[in-house]
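K.L.:
Make a model of this:
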Amino acid sequence: MKISEIMKTPVHCVLEDERVDRCAQLMRDQGVGFLPVVDGFNHLAGIVTDRDLAIRVLAEARDPATPVCDVMTGSRLVTCAPGDDLSVAESRMARHKVSRIAVVDELGHLEGVVSLSDISQQTDVVNAGLLLSVVSHREAT
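P.N.:
Got it, this is the predicted structure:
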């Protein structure tokens, strides 16, 4: 199965200069805890999570007007391509211990998002359980 068959689209995302309070509001309103951050050309620039907002904004008492580029994860982004096999996403999620990854085309344009729950709906229970175990180990430590 190809990533393009299960990835979520359209993707709620924010621009690099978006305020962190606006990111939190968008997460609340859309019921998500993960937002890709893009530049003006829809190139993936980073990822911001609800955990990033809690640790890098609230815990550090930063101004709500702080731009998301100051708190996002911008290096070592874990991505896959729409044409990749599902096993590529599973492998990368396990290796990097992440529960969601951005899907980008060959030019780095954001195309979609694949989550652990998307994969669990497409794979057998044993493989889904193993992937969940690997990913959740990071979150427990």
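K.L.:
and the helix or strand hosting residue 27, what's its mean pLDDT?
P.N.:
Assigned by DSSP states H and E, residue 27 belongs to helix 20-30. What helix 20-30 shows for mean pLDDT is 97.
K.L.:
what does that helix contact?
P.N.:
The contact list for helix 20-30, computed with Cβ atoms under 8 Å, 6 or more residues apart in numbering, reads 12, 14, 32-33, 35, 48, 50, 53, 57, 62, 64-68, 71. Every C-beta, even on glycine, is put in place using the N, C-alpha and C of the backbone.
K.L.:
do stretch 52-59 as well
P.N.:
20, 23-24, 27, 62, 64, 66, 71-73.
K.L.:
okay, the residues you listed in CSV with neighbour count and distance to residue 41 next?
P.N.:
Below are those laid out as CSV (neighbours: other Cβ atoms under 10 Å; distance: Cβ to Cβ, whole Å):
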residue, neighbour count, distance to residue 41
20, 25, 22
23, 25, 20
24, 18, 25
27, 19, 23
62, 14, 27
64, 12, 27
66, 17, 23
71, 21, 22
72, 25, 17
73, 16, 20
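K.L.:
Between all of those residues, which two are at the greatest distance?
P.N.:
Greatest spatial distance in these: 64 and 73, 19.6 Å, computed using Cβ to Cβ.
K.L.:
Give me the neighbour count for residue 30.
P.N.:
Burial of residue 30 is recorded as 10 neighbouring residues (other Cβ atoms under 10 Å).
K.L.:
which residues touch residue 42?
P.N.:
Taking Cβ under 8 Å, 6+ apart, we find residue 42 in contact with 109-110.
K.L.:
gap between it and residue 20?
P.N.:
Going from residue 42 to residue 20 by Cβ to Cβ, to the nearest Å gives 21 Å.
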